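Peer 1: Show me how the following folds:
(6 chains, ligands or ions: 12)
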6 protein chains.
Amino acid sequence: MTRTLNQPLGGNTMPRFGGPNTMMRLPMADSAAGLDACFLGIPMDIGTSNRSGTRLGPRQIRDESRMIRPYNMATGAAPFEALQVADIGDVPINTFDLKKSVDIITTHYDEVLSHGVIPLTLGGDHTLTWPILRAIRKRHGPVALIHVDAHSDTNEDMFGETVAHGCPFRRAWEDGCLINDKVFQIGLRGSGYSREEFDWGRRQGWTCIQAEECWHKSLTPLMQEIRAKIGDAPVYLSYDIDSLDPAFAPGTGTVEVGGLTTMQGLEIIRGCAGLNLVGGDLVEVSPPYDPAGNTAVIAANFLFEMLCALPGVPRGR
Amino acid sequence: MTRTLNQPLGGNTMPRFGGPNTMMRLPMADSAAGLDACFLGIPMDIGTSNRSGTRLGPRQIRDESRMIRPYNMATGAAPFEALQVADIGDVPINTFDLKKSVDIITTHYDEVLSHGVIPLTLGGDHTLTWPILRAIRKRHGPVALIHVDAHSDTNEDMFGETVAHGCPFRRAWEDGCLINDKVFQIGLRGSGYSREEFDWGRRQGWTCIQAEECWHKSLTPLMQEIRAKIGDAPVYLSYDIDSLDPAFAPGTGTVEVGGLTTMQGLEIIRGCAGLNLVGGDLVEVSPPYDPAGNTAVIAANFLFEMLCALPGVPRGR
Amino acid sequence: MTRTLNQPLGGNTMPRFGGPNTMMRLPMADSAAGLDACFLGIPMDIGTSNRSGTRLGPRQIRDESRMIRPYNMATGAAPFEALQVADIGDVPINTFDLKKSVDIITTHYDEVLSHGVIPLTLGGDHTLTWPILRAIRKRHGPVALIHVDAHSDTNEDMFGETVAHGCPFRRAWEDGCLINDKVFQIGLRGSGYSREEFDWGRRQGWTCIQAEECWHKSLTPLMQEIRAKIGDAPVYLSYDIDSLDPAFAPGTGTVEVGGLTTMQGLEIIRGCAGLNLVGGDLVEVSPPYDPAGNTAVIAANFLFEMLCALPGVPRGR
Amino acid sequence: MTRTLNQPLGGNTMPRFGGPNTMMRLPMADSAAGLDACFLGIPMDIGTSNRSGTRLGPRQIRDESRMIRPYNMATGAAPFEALQVADIGDVPINTFDLKKSVDIITTHYDEVLSHGVIPLTLGGDHTLTWPILRAIRKRHGPVALIHVDAHSDTNEDMFGETVAHGCPFRRAWEDGCLINDKVFQIGLRGSGYSREEFDWGRRQGWTCIQAEECWHKSLTPLMQEIRAKIGDAPVYLSYDIDSLDPAFAPGTGTVEVGGLTTMQGLEIIRGCAGLNLVGGDLVEVSPPYDPAGNTAVIAANFLFEMLCALPGVPRGR
Amino acid sequence: MTRTLNQPLGGNTMPRFGGPNTMMRLPMADSAAGLDACFLGIPMDIGTSNRSGTRLGPRQIRDESRMIRPYNMATGAAPFEALQVADIGDVPINTFDLKKSVDIITTHYDEVLSHGVIPLTLGGDHTLTWPILRAIRKRHGPVALIHVDAHSDTNEDMFGETVAHGCPFRRAWEDGCLINDKVFQIGLRGSGYSREEFDWGRRQGWTCIQAEECWHKSLTPLMQEIRAKIGDAPVYLSYDIDSLDPAFAPGTGTVEVGGLTTMQGLEIIRGCAGLNLVGGDLVEVSPPYDPAGNTAVIAANFLFEMLCALPGVPRGR
Amino acid sequence: MTRTLNQPLGGNTMPRFGGPNTMMRLPMADSAAGLDACFLGIPMDIGTSNRSGTRLGPRQIRDESRMIRPYNMATGAAPFEALQVADIGDVPINTFDLKKSVDIITTHYDEVLSHGVIPLTLGGDHTLTWPILRAIRKRHGPVALIHVDAHSDTNEDMFGETVAHGCPFRRAWEDGCLINDKVFQIGLRGSGYSREEFDWGRRQGWTCIQAEECWHKSLTPLMQEIRAKIGDAPVYLSYDIDSLDPAFAPGTGTVEVGGLTTMQGLEIIRGCAGLNLVGGDLVEVSPPYDPAGNTAVIAANFLFEMLCALPGVPRGR
Ligand SMILES: [Mn+2]
Ligand SMILES: [Mn+2]
Ligand SMILES: [Mn+2]
Ligand SMILES: [Mn+2]
Ligand SMILES: [Mn+2]
Ligand SMILES: [Mn+2]
Ligand SMILES: [Mn+2]
Ligand SMILES: [Mn+2]
Ligand SMILES: [Mn+2]
Ligand SMILES: [Mn+2]
Ligand SMILES: [Mn+2]
Ligand SMILES: [Mn+2]
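Peer 2: Numbers count the residues shown, from 1 in each chain, chains lettered A, B, ... in the order given. Ligands and ions are numbered 1, 2, ... in the order given. As a prediction, the model looks like this:
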């Protein structure tokens, strides 16, 4: 028995600037039933602390995904030869209440995950990773985490609130979502409220790699180490676009200078191939601060690269 | 026997910044079968003569239509109480060959019109109106025309070519698509290659109203006259966004200063209510020149206003 | 006994592009004590429903106020000859919790109003007017209201929430903040969820003037009528910048085409001179959507015009 | 004996987006010898007091003039049927010394005017009009002046300096360049350092028309009056683009809200036809603040309209 | 017998922001007669498949070339001490017909090359390289090719068309324009329609270097190898600006993330010195997507660097 | 006896997008009395030779400094634990006269330096460094200089003027402000008026490091060498933002491609820790050319890094 796999709408069928505004111009699906992987959006910015605008991230990422073709020329990955993939739309968050939105997200992902699909999320501010990880834990138990970000996002609270885009990994830790010796934070930098800000994670057993350790070199060796340490544990990949230097990704709200390059970002995601990825997100894309669209283009490509890195995807040349 | 009418996705169900990128967040349909009216896009800019970019017009108009709610607060029109409406996607033009694209469009509209639907087109450069009118003529015979534009678009040719965005109404005239004493051009202005450029239409019996005649006043009386002259003939409404002054609609390619205001544009389209409209288009929106999105917002609203002006729509308060 | 009145820092003392970023380059004050009028900001956008960004409104309005000189050349008003005015900074809202922010605002204004000052607020999204009006009512009792806006902002709720930028005047009405036969809404337009959306206010006795009634003419006669109807009741002026057509004020989140002109906006505010104004706000300025800065320039000038219209300001030539 | 008149390069010979970047794609000339009228640029912004950037005005105006065709469709004017016109390039001002630049300009215009040509200047900040008027006086004696501007530009000094963009008409008056009862200032508005700021000109016998007097109406009647008062005196037309409301012309440095419309600007310049124009300028275009290019488009068209209004140009239909 | 060599207009003669808009402010020439090298533009975008706008590339590149001084401080090259160089304007392509434009280009270059000049072309979309190479072959026979690009541009067709910006090197290969073992493609990356997309060239004997092979290192050693392989064969250099990462060059239409850096681009072009260059182009600059002008600045400098790398230019320090 | 040290206003007290627009939201001070270090602005652009706009640099740098927290996570520096720091506002330069402004600056810094403070200057164009160095020399004698720039800024004159942004270090050299064997210029590149342009400094004993020498590597070893050569001499650090590649810092006026990366800039400034810094500046930020704000964000962070590198600041982890 065979099934027909969804394919992105090709440029020889409809010009790249036309056609549906779904992720990679894939078919839209009403639910995750029958899918191996899915793209879905969480249009949200009420968890941001500096510049807002990430509510429009999912729309813009989809728009800028229109040029991506089905084969990965760097890795040879061919996701659409093996996986059934669709865009399942957006989570209807409550834009006037952050705490309610968090529960809406968990409930939504409970349903999505019930279909055994691997969700790849288009954000939206980073608050959203906490409720996703809560749902992931119910399905997969605690997971290894690769968290790429300028910020550790492990604040106890912000302005007295425990739900905010600077806190998701503290909350996820509290909820037992993480395997502490398999947590990797990459790209941390900037200024802080104390010298020890990044040490909280280290005290939990996490590996926290500051941006300065990444400068002027390939991150492929680092990923090799990380893969070795994670082994076959289930892994979640959370990619905050502000991990990149603002030269590459200006379109975000809490920019920190001296970040990763896009090339390093690609090395990180491609370096996840071989892991047991159970989900991933790309967050903090803020279109109003992205005048040439570069940030959304990167985000779209990074999400495609996540798809290419999933278990079961044929790759190599 | 009843049918369920499509409704735009509401803001209390999904935040305005989420949801599908269809026109007014209406359902997408694969064909026009069963519809009373439809929105469809023609993503094209290879007929433009100055700045390009209108190929992205349909995407951007759809994006900026996301805030439009179902009732028209000015006219009381309630199109979704009476008409079955959907977004039927884009015409797959050949972006490397303008002449072939023109034929693709006519063929596409032949099929669309076969369902008895009223098409409202998201452009795209103005070249597209000629192939639409060819299809319209096959279905409805020659039509009255309300053409709002800074330019008469009646050039014999441009750079020796007869297919270009400055020529569609000359071609349509040649093809017998128009009822000459029921053709109205509104908003003409700027500079020309001869003093008599706007007189060609006049010699065919057309009414050509220059922008200067419209300044500082309401166009509601003009529309009353036009309605009287057209009577119950089938009418096509072709709205070139460059009819508006660039203060209102900067996002277009061949801007001419001293144009109509958005308010006057609304008066024109609202003034079409009561006519036997058989189709309409909104053309020449060029997103790269629309830094705040205003032009696409106007375009989205003008297309909604066209829908509100269609025969059979309940209105009035 | 005399007091020295604060003056805006002049361009012959410090170039316009230098100096402090306070409103009109006025001195900053720690509290409203001793002031007749004050400017203060509410940096907030978590009550918005479409595009965000108004959190940066106060900063940008202050920045673009740098060119305003002390005399009003149109009306001859000389506010700094009679009133003690300062910028008292921003309200520290909780950006992660809209409902808490509303209470923070009321508490803050209770303190400000205790000094007998007239507050002129730099917004921020329109949600903020409700908590201000609650504080105003405690000090002045119910007030007349001049509300300039594309939207009536009288929704019962949005996405099930009663606190949002589409609801402030419904809440203020419930709280008894308004004198119903002295409420004037100007500029309403666009699309709605029902034909009767603007009639809710009318049923409460409010005067709701749709934008179409304002087109192509001066609003000076309208303001004369409004002044006559209000008499000497205390009045609050709430100015939503989206009342203006987007050609004039693109930098806002819920744009509606076919709005007021800046000239009409000036007529409205200047037409408030002679009324017993007890407070005013200018809301919904969203800098990320304001590429040339026009919207913030208008907002700065409109706030200056509000100051010029306050009781006790010498004017006339 | 006949001469061949220069013609703008046509769009059927070279696409509008190609060809030389001269004004209207006219031939470049090394000097004004043999010309009836000429365009020339003064790339300068060191006389500005708020935002700078007008140094790039001439380049941008030329760029945006590329679409203008030879006939004026509103007035029927055909300047290239009667006048020899060319672009004679830019004045090499000293960008590090404003006072030296002023003398460079006068010397340059002395030479230009020696050829009996009518110069139409692309600015550049308004400081430049004073040195032009000095040269004009040497050639033509004192002149009538039509000065369209948000500002009177008659400051005694700015920051203690007498040469600045707020002072040119005070300096020109001191130098006896003006016929005081034939000076007209149109569009004045905004805020000032004193209530009487605009009265200085009135005391010299000038007619100073504030923007508020112009709102909501045609300025054609005003121009008729002005023409009657000027008679056949030589006239200089100085057009500061900030006379326009920022909705129309955002790209300038000292914006004032509530200004003229482009339509009114066209009425003013077209209303100069019949006068004995001896020169004109279009100043204060600042491209960095002109995101869609509208301001430069207006400037290019207004300069073309000035050309159309010159003595000897055939017009009428 | 001596000749006077053209020099770029210096900044001490005319401010950088004034003067003619020719390449490097060089003199304009009517033909290539008497020149050793020339700059010329092909204003074209109708061969693009995603975002358009390259039709304005030549104008913008010229504009941003205004700051380039005559000596290359990195290499010591002094092109204007040895070569006669001018800007010979634009090719009048037919913007409504891509196939006709291709023939116009070949004919134009036949004439240009007849003067024995080395043409350096300002693009324009990459379709233009095919017709140039056809003319080059007539003059020089088959050539070595250094092609820097994110894309191989060797599609058999696009949307069924053989003339498009994704096909020029397939067409040139068919026409025998290339020496297959001396073809080098640098920077290839992104996604494709098949895993083997870049292998077509390899099968012809071409060297195809993917972007990933270039990351984190100098390309100077690569260029040394390439020079050794090419020897003294005539070489054409085709530089597609999308070879650069979008952080460096956002202003183009088909962006691919993870590209070359500007520094690597400079190494490539400087590494061409010593080769027998017979022509070069810089293509795919799309100004509407270049908000800060960076892309056009790079393009202008890369074209200057090509000039510096030509045979006969004195260099070294 | 203890003193209370000023602290930046924290994000848990006031949202990052609110609060005062001072540098890092520090308290404003009227003078430098009692301070160890101070930030102050020089809003100036009349010394620029290509694009202007740096007059708004100080405002924009302050605005974008709002997110910087008190601890440096890379170096562990804690400036606010040891130094009294404030923002002392702007220098009231004369924007119509560059030569007078230079003297205003020296006089202003004489006063500032009289308090024994270390001034960190927010520019403004590079002309300003000369008058600062004149004041520095009076206080500290000749100083070592670390000058990071694309340009050597050692022109004898520009357009015949000796005061301009291309001349400050020639003037400072003439005035005996520099210790010649302790002058380091880093990042020089681009084109010049002669092959020897960068050799002038070398002839004075300066070390001039061209950008090409910096590519693809860390500059930490270079800084180690520089520290060794400078020893304990007083040092001034002048950082021209155009030293960075335009991909990182587009917002400046005289861009040169192929520059330093932000990471290298951070290495340079962090590499100054341990030196006897007596002052520093960050110049040439031009907000109109900085569409996403990146350049001002870098500038704000680099000024914070300068503060972190000052003598007496505790650091290390
Ligand atoms: Mn994060
Ligand atoms: Mn982050
Ligand atoms: Mn048209
Ligand atoms: Mn048109
Ligand atoms: Mn509102
Ligand atoms: Mn509103
Ligand atoms: Mn002026
Ligand atoms: Mn002015
Ligand atoms: Mn290519
Ligand atoms: Mn390419
Ligand atoms: Mn410098
Ligand atoms: Mn520099």
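Peer 1: Distance check, the residue of chain A found nearest chain D against ligand 9.
Peer 2: Closest residue of chain A to chain D, C-beta to the nearest C-beta: residue A:291 (10.0 Å). For glycine as for every other residue, the C-beta is placed from the backbone atoms N, C-alpha and C. Noted for residue A:291: a distance of 24 Å to ligand 9, by C-beta to the ion, to the nearest Å.
Peer 1: Next: residue A:17.
Peer 2: 18 Å.
Peer 1: Give me the neighbour count for the residue in chain A positioned nearest to ligand 12.
Peer 2: Closest contact between chain A and ligand 12, by C-beta to the ion, is at residue A:247 (18.2 Å). Neighbour count of residue A:247, defined by other C-beta atoms under 10 Å in any protein chain shown: 27.
Peer 1: swap in residue A:228?
Peer 2: Residue A:228: 8 neighbours (other C-beta under 10 Å).
Peer 1: Same question for residue A:156.
Peer 2: Other residues close to residue A:156 by other C-beta under 10 Å number 12.
Peer 1: so who does the nearest residue to residue A:6 once chain neighbours are set aside touch?
Peer 2: Excluding the flanking residues, the one nearest residue A:6 by C-beta to C-beta, 6 or more residues apart in numbering or on different chains is residue A:27, at 5.0 Å. Residues counted as contacts of residue A:27 (C-beta atoms under 8 Å, 6 or more residues apart in numbering or on different chains) are A:6, A:86, A:87.
Peer 1: Ranking by neighbours, what's the top pick from the residues you listed?
Peer 2: Going by other C-beta under 10 Å, residue A:87 tops the contacts of residue A:27 with 26 neighbours.
Peer 1: Could you list everything that residue pairs with in the sheet?
Peer 2: Listed beta-bridge partners, residue A:87: residue A:28, residue A:39 (assigned using DSSP bridges).
Peer 1: so it sits right up against residue A:30, yeah?
Peer 2: No. Counting by C-beta atoms under 8 Å, residue A:87 stays clear of residue A:30, with 10.9 Å between them.
Peer 1: thought residue A:19 was touching residue A:63?
Peer 2: No. Applying C-beta under 8 Å as the test, residue A:19 and residue A:63 come out as separate, 11.0 Å apart.
Peer 1: Now the common contact residues for those two.
Peer 2: With C-beta under 8 Å, 6+ apart, residue A:19 and residue A:63 have no common neighbours.
Peer 1: so which helix or strand takes in the closest residue to residue A:175 other than its chain neighbours?
Peer 2: The shortest distance from residue A:175 to any non-neighbouring residue, by C-beta to C-beta, 6+ apart, is to residue A:134 (5.9 Å). Following DSSP states H and E, the helix or strand that holds residue A:134 is helix A:129-140.
Peer 1: Just to be sure, residue A:302 is in a strand?
Peer 2: No. Read with DSSP: H, G, I helix; E, B strand; the rest coil, residue A:302 is helix and lies in no strand.
Peer 1: The residue nearest to it when sequence neighbours are not counted and residue F:235: what is the separation?
Peer 2: Of all residues not flanking residue A:302 in the chain, residue A:282 sits nearest, at 5.4 Å (C-beta to C-beta, 6+ apart). Plainly put, residue A:282 is 44 Å away from residue F:235 if you go by C-beta to C-beta, to the nearest Å.
Peer 1: More neighbours: those two, which one.
Peer 2: Each of residue A:282 and residue F:235 has its neighbours counted (other C-beta under 10 Å); residue A:282 has more, 29 against 24.
Peer 1: Now do the SS call for that one.
Peer 2: Per three-state DSSP, residue A:282 ends up strand.
Peer 1: who does it bridge with?
Peer 2: What pairs with residue A:282, by the bridge criterion (DSSP bridges), is residue A:122, residue A:239.
Peer 1: Tally up the residues packed near the closest residue to ligand 10 within the stretch 201-317 of chain A, please.
Peer 2: Going by C-beta to the ion, ligand 10 is nearest to residue A:297 of the stretch 201-317 of chain A, at 14.0 Å. As a burial measure, residue A:297 scores 27 neighbours (other C-beta under 10 Å).
Peer 1: middle-most residue in chain A, spatially?
Peer 2: For chain A, the residue nearest the mean C-alpha position is residue A:281 (2.0 Å; C-alpha atoms, centre = their mean).
Peer 1: Skip the chain neighbours and tell me the closest residue to that one.
Peer 2: residue A:121 is the one closest to residue A:281 (C-beta to C-beta, 6+ apart), at 3.8 Å.
Peer 1: And the one you found, how far from residue A:307?
Peer 2: When residue A:121 is compared with residue A:307 (using C-beta to C-beta), they lie 12 Å apart.
Peer 1: Quick check: the residue of the stretch 1-150 of chain A found nearest ligand 9 vs ligand 11, distance?
Peer 2: Proximity of the stretch 1-150 of chain A to ligand 9 (C-beta to the ion) peaks at residue A:67, 13.6 Å away. In this view, residue A:67 and ligand 11 are 39 Å apart by C-beta to the ion.
Peer 1: residues contacting that residue?
Peer 2: Contacts of residue A:67 by C-beta under 8 Å, 6+ apart are A:11, A:16, E:50, E:254, E:255.
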